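Asks: my questions are about this predicted structure, shown below with the sequence.
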Amino acid sequence: MPAVPGNLTEVNFGHLVGKAPEILFTLNAPNAKPGVMIPTEPVSVAPAADGSFTANLQSTEDMMDDAWYTVSIKWLDSPGKYVKADWPDWQLRVPLGGGTFSDLFGRPPKNSLMFYVSLSPPTSVPKGTWWLEDDPTDPENPLNTGNLHQLRKV
């Protein structure tokens, strides 16, 4: 499974020492890969004392339906009760090779229909992306085709 390393810190760069932090990764919906069904049971990771963690997660790019993880953090507050923080609108998409948490986690684009204008096709594109095969800096470039391609993950 792809590894997703990261680091959990407080705003003052402390590490929630003594607060038993736990990071929860939950798939957005049940999903499947060839020969495998994947439920939405959260994967729980406890960071080390220095805040470092590694989550071993299923890649989302080869799942049958559009997939991502939501992320929650819970910890003990001073009276000893759990506090939880969620990012319901943010998504963690995990490629086959994994990657650093800070590079993979973020808000989904608000514009669900995106157009890229370049001479080469973009990589790792979100759903609904189109590519206009043109040089945006030089309308007279002989390599401009004006072809419009709808990009899809396969």
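Replies: Thanks, I have the structure now.
Asks: center of the protein - which residue?
Replies: Central residue of the chain (C-alpha atoms, centre = their mean): residue 92, 2.2 Å from the mean position.
Asks: quick check, pLDDT for that residue.
Replies: At residue 92 the predicted local distance difference test score is 95.
Asks: contacting residues around it?
Replies: Residues touching residue 92, when contacts are defined by C-beta atoms under 8 Å, 6 or more residues apart in numbering, comprise 4, 25, 68-71, 101, 104-105. All C-beta atoms are positioned from the backbone trio N, CA, C, and that covers glycine.
Asks: equivalent analysis for residue 73, please.
Replies: Applying C-beta under 8 Å, 6+ apart to residue 73 gives the contacts 8, 21-24, 84-85.
Asks: just the buried residues of the helix or strand that contains it, please?
Replies: Here residue 73, judged by DSSP states H and E, is contained in strand 69-76. Neighbour-count burial for strand 69-76, counted by 16 or more other C-beta atoms under 10 Å, picks out 69-75.
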